[in-house]
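Visitor: Below are the sequence and a predicted model; questions follow.
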Amino acid sequence: MAGNGIKIIDAHTHVQFEQYDKDRDDVVARSLAEGVGMINAGADLKSSKDAVDLAHKYENGVWAAVGIHPTEPKDFDKLEEVEKLATDPKVVGIGECGLDYAHFVREQSGWKQNGAPAIAAGNGGFVDVKKEKDLQKEIFEKHIEFSRKYKKPLVIHCREAFADTIDALTVNKNNLLPEPGILHFFTGTIDDAKRLLDLNFSFTFGGLITFNRSFDDVLKFIPLEKILVETDAPFVTPVPNRGKRNEPAFIVSTAKELAKIKSISFEDASETVFKNTIRVFNLSI
Ligand SMILES: [Zn+2]
C-alpha cells in the first residue's frame, strides 16, 4: 500500500501559510524525504486556494482540505468559491470548519456594551455572541452539506463548543458520510469522544500530547483505529523541537508518544495511523 516511500501522513497541517514563504519547497521536500505525507487545511478562501495549488505541485503525498474556519467571518460569504475548490481531485477533505467559542470567553472579559455580553469583532465592531454562534452554526452546516455532496470527509475544528458541535452533527446525521471525518486537535472529554464515535468520527492529535499529560486518558479510551496524527504546523511544535517553528517532518515524535501512551510499538502505532488516514480521507497512494 505504501507507494512512493510514504509511511505516515500529517493529517492536518498548514504548510501553505506565510510562515513558510521563504522555504516552503524545502519543508515539503524534507517531509517527503522522511516518508511523511501531508494534508494542508485551509482556514479561509486564500489559504484554501493556496493549499490546493501546493498539492498540485507534487505528484503524490501532498493533499488539501478546503473550508472557512469559524473565526474567519470575513470569508463567511465566500462559500460558493470554497465549493468550487471542493471539486478538485487533490481536495480530500472539507474544512477547517466547525464552532469556536473560545475566543468569546477571552474577548468578553474586556468587552461589555450597555451591560450586554458583546465581543470585539475582527473589524473593530461589536458582535452579539448569540448572533455569532448562530452564524458559525449556519456556516458549519454548509460545510456538512458540501461533505455529503462531494463525498469528502469533514475536518472539524471545535473549541469549547463540543455540545453544540455534536448537536449540529447529530441533527445533520443524514448528511454525514459513512466515514464522516475527523475532529482535528481533539480537546474534548471521554464523553464527547463516545458521542462522536457513535457517529463514526475519527480524531487527530498533535504535538500537545508530547508535553501535556491531560490527553492520556482520552487517548487510552479512543480505539487506535480511530486515531490519526497531525502537526497543525506552524503551531504547537512537539517535544523535542519546542521553541522551533513546527513542520510535518516532526510528526514522528507525536506518533512515538502515541505508541508510548497506548503501550504498543512505534511501528504498530505508525502503521495503524497511516492506514487510518488513508481510510478516512480515501487517499490513493
Ligand atoms: Zn489547523
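Guide: In hand now; what should we look at? Numbers count the residues shown, from 1 in each chain.

Visitor: can you give me the helices for the stretch 151-285 of the chain?
Guide: Under the criterion DSSP state H, counting those that start in this stretch, the stretch 151-285 of the chain carries helices at the ranges 162-171, 190-198, 216-221, 251-261, 266-281.

Visitor: and among those, the most buried is which?
Guide: Mean neighbour count (mean count of other C-beta atoms under 10 Å) peaks for helix 251-261 among those, with a mean of 21. Any C-beta I mention is one placed from the backbone N, CA and C, and that applies to glycine too.

Visitor: Could you pull up the mean pLDDT of that one?
Guide: Looking at helix 251-261 alone, the average pLDDT works out to 96.

Visitor: That helix - contacts with which helices or strands?
Guide: Using 3 or more C-beta pairs under 8 Å, 6 or more residues apart in numbering; DSSP states H and E as the contact definition, the elements that helix 251-261 packs against are strand 8-13, helix 216-221, strand 227-229, helix 266-281.

Visitor: I'd like the helices of the stretch 151-285 of the chain laid out as CSV, including distance to Y101.
Guide: Rendered in CSV, the data for these read as follows (distance: least, C-beta to C-beta, whole Å):
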stretch, distance to Y101
helix 162-171, 8
helix 190-198, 14
helix 216-221, 20
helix 251-261, 26
helix 266-281, 26
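
Visitor: Next one: H69 relative to K46, how far apart?
Guide: H69 sits 12 Å away from K46, taking C-beta to C-beta, to the nearest Å as the criterion.

Visitor: which of those two has more neighbours?
Guide: When neighbours are counted by other C-beta atoms under 10 Å, H69 and K46 differ, and H69 comes out ahead with 21 against 13.

Visitor: nearest spatial neighbour of that one, skipping sequence neighbours?
Guide: A43 (4.0 Å; C-beta to C-beta, 6 or more residues apart in numbering).

Visitor: And the one you found, its phi and psi?
Guide: Dihedral angles phi and psi of A43 (degrees, to the nearest 10) take the values phi -120, psi -20.

Visitor: Does I261 touch F221 like I think?
Guide: No - taking C-beta atoms under 8 Å as the definition, I261 is not a contact partner of F221, at 10.8 Å.

Visitor: any idea of the pLDDT on K244?
Guide: Looking at K244, its pLDDT is 89.

Visitor: what's it in contact with, if anything?
Guide: For K244, the contacting residues are T237, by C-beta atoms under 8 Å, 6 or more residues apart in numbering.

Visitor: what are the phi and psi angles of it?
Guide: Residue torsions, per degrees, to the nearest 10, at K244 are phi -90, psi 160.

Visitor: what residue ranges in the chain score low on pLDDT?
Guide: Counting by pLDDT under 70, the ranges of the chain that qualify are 1-3, 103-127.

Visitor: circling back to that earlier point, how many neighbours does the residue nearest to H69 have?
Guide: For A43, the tally of surrounding residues (other C-beta under 10 Å) stands at 24.

Visitor: and the gap between it and E81?
Guide: Counting by C-beta to C-beta, the separation of A43 from E81 is 14 Å.

Visitor: what does V27 give?
Guide: Relative to E81, V27 is positioned 27 Å away (criterion: C-beta to C-beta).
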